[in-house]
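Participant: structure for the following, please:
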Amino acid sequence: MIARIWKGEVPLDRADEYLTRMREVALPDYRSTEGNRGAFALRRFHDDRAEFLMLTFWESLDSIEAFAGQDVDAAKYYDFDAEFLLEMVPNVDHFELFDD
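Facilitator: Next up is the predicted model:
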């Protein structure tokens, strides 16, 4: 299994609105992709920003490609992201996941 991690930051005063969008759009999109084994939105506050981390689990690189496109290391952004995010980070991180 593969863990995919995306990070982004939004202004503190937009954190709740962004979380709502992630819950209504991004999480269902992740979870509806064949091969997705779980999707979670994490949030923490620090200074004047809210940091978001999307932690998703996938059966294989092929299932990630079905979600994100041919370049699996590229971040997938939604139409609303540019309105909220302080920076559009171009890449995500992948880790092999071992549960034994």
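Participant: show me what contacts the most centrally placed residue in the chain?
Facilitator: What sits nearest the mean C-alpha location of the chain, by Cα atoms, centre = their mean, is residue 54, with 3.5 Å. Contact partners of residue 54, counting by Cβ atoms under 8 Å, 6 or more residues apart in numbering, are 4-7, 22, 26, 30, 39-42. (Each C-beta comes from the backbone N, C-alpha and C, glycine too.)
Participant: in the sheet, who's paired with it?
Facilitator: Going by DSSP bridges, residue 54 is paired in beta bridges with residue 6, residue 41.
Participant: residue 97: neighbour count?
Facilitator: By other Cβ atoms under 10 Å, the residues close to residue 97 number 11.
Participant: what's the answer for residue 59, then?
Facilitator: Residue 59 has 13 neighbours, counted by other Cβ under 10 Å.
Participant: that one: what's it in contact with?
Facilitator: Applying Cβ under 8 Å, 6+ apart, the residues near residue 59 are 1-2, 35-37.
Participant: ok so residue 28 is a helix residue?
Facilitator: Yes. Residue state for residue 28 (DSSP: H, G, I helix; E, B strand; the rest coil) corresponds to a helix.
Participant: look up how far residue 93 lies from it.
Facilitator: Computed with Cβ to Cβ, to the nearest Å, the distance linking residue 28 and residue 93 is 23 Å.
Participant: what's the answer for residue 58, then?
Facilitator: For residue 58, the distance to residue 93 equals 13 Å [Cβ to Cβ].
Participant: please apply the same query to residue 59.
Facilitator: Taking Cβ to Cβ, one finds residue 59 at 18 Å from residue 93.
Participant: what residues does the helix or strand that contains residue 66 touch?
Facilitator: Assigned by DSSP states H and E, residue 66 falls within helix 61-68. The contact list for helix 61-68 (Cβ under 8 Å, 6+ apart) reads 2, 4, 29-30, 33-36, 58, 72, 74-76, 92, 94.
Participant: surely residue 80 meets residue 26?
Facilitator: No. Residue 80 is beyond contact range of residue 26, at 9.4 Å (criterion: Cβ atoms under 8 Å).
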